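K.L.:
How does the following fold in three dimensions:
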Amino acid sequence: MKNIRLFFFEMIKVIMDEKSYHLSPEHPYNCVGNIWFPEIQDYTEDIFYRLSTMTEDARKIYALEVLRTLEIQLEYDYVDKKEVIEVVKLVDCDSTSYRTISKEEADQKGITGEVYTHEILLHRRNDKYLEISALHSDIYFLIIEVQRIFQLFSINLRTLVVDNGIDIEYLTGEVFSFFRTRLNNTQRSLLFELLVDGGFIPKDTDKDDFIWVFGGMNDNNLKSKITWLKNKQLLRELLTPLKPLDIKSAVYERFVPLVFINDKGNPNALAKNKPVPSSDSDLIAEIHKKTANC
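P.N.:
A predicted model of the protein is given here:
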């Protein structure tokens, strides 16, 4: 549990460090910034590595250990005060992102727009309140990622919490995909059809399983692993372009044997990258092109 404890230790250090404060454009409070995704990924990678080396029984014991550690850490109440303020949402010119400013600031600058309510979480430090909503978002994201990793090994943390009387309000009943990929559901469906037509996966492959494995959120539990009928190099050529940039290749590769098997039913790990020109490689490249343009 070293990494999870470290997450909370660094979080407290950020709150206590006066140099970390900056004036937020969203509201008139001093704000503590995020710890960010890469650090959270390091913690969840540690959990994934441990789970991948354990037996099924050991994983259940480890899951309880993780939950007890989270429960202990979350007993510390970082929020001294909650406050709701009115804000105005400012949408950027590309219409894909936005920021908010307090209504008071908007009125002063003559900015008009739809008014929303915005809850902020405050921590009292040296007789002033610091806004720490960003850090609570990090806590929530950390626990969602931990929950997702355990789900990949068929361990439902939410069930363990209920059965063992553990109090963690951040756990949700959200549905998780397996791989995170760059695909949308239309592209996943097309990819399935192209791989079947190309003889890369069997015609009787369960499409719902395939959609879920490739990042779909369809409330699916894996009924059968995906059989890969070609060599491991071609599987690498299929998966590598689909990997999001924020996931390390080594982490991505560890997921492969959990869902892919060869035609003999054995786990199918990725081979070292040794491209060999072939008609199948050309077909994989063409499949990527068609899928990307879908």
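
K.L.:
In the protein, mark out all the strands, start to finish.
P.N.:
For the chain, the strands defined by DSSP state E occupy 21-23, 30-32, 81-91, 98-102, 115-125, 128-131, 226-227, 260-261.

K.L.:
Could you dump those into TSV with mean neighbour count and distance to Val146 added?
P.N.:
(C-beta placed from N, C-alpha, C; glycine too.) Formatted as TSV, the strands of the chain follow (neighbours: other C-beta atoms under 10 Å; distance: least, C-beta to C-beta, whole Å):
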stretch	mean neighbour count	distance to Val146
strand 21-23	13	28
strand 30-32	21	22
strand 81-91	14	25
strand 98-102	16	29
strand 115-125	15	21
strand 128-131	17	25
strand 226-227	20	25
strand 260-261	18	24
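
K.L.:
Can you report how many residues lie near the closest residue to Ile4 other than its chain neighbours?
P.N.:
Nearest residue to Ile4, sequence neighbours excluded (C-beta to C-beta, 6 or more residues apart in numbering): Thr69, at 5.5 Å. Neighbour count of Thr69, defined by other C-beta atoms under 10 Å: 16.

K.L.:
Quick check: Thr69 touching Leu6?
P.N.:
No - look at Thr69 against Leu6 with C-beta atoms under 8 Å: they stay out of range, at 11.3 Å.

K.L.:
what sits against Arg188?
P.N.:
With contact set as C-beta atoms under 8 Å, 6 or more residues apart in numbering, Arg188 has these partners: 181, 210-211, 214-216.

K.L.:
farthest-separated two in those?
P.N.:
Thr181 and Phe210 (11.6 Å; C-beta to C-beta).

K.L.:
Please report how far the closest residue to Val251 other than its chain neighbours lies from Lys248.
P.N.:
Nearest non-adjacent residue to Val251, counting by C-beta to C-beta, 6+ apart: Glu45, 5.7 Å away. Counting by C-beta to C-beta, to the nearest Å, the separation of Glu45 from Lys248 is 8 Å.

K.L.:
ok, now Phe7?
P.N.:
To Lys248, Phe7 is 18 Å away according to C-beta to C-beta.

K.L.:
before we move on, what about Arg236?
P.N.:
For Arg236, the distance to Lys248 - C-beta to C-beta - is 15 Å.

K.L.:
Of these two, give the one with the bigger neighbour count.
P.N.:
When neighbours are counted by other C-beta under 10 Å, Arg236 comes out ahead of the other of Arg236 and Lys248, with 20 against 13.

K.L.:
list the contacts for the more buried one?
P.N.:
270-271, 273.
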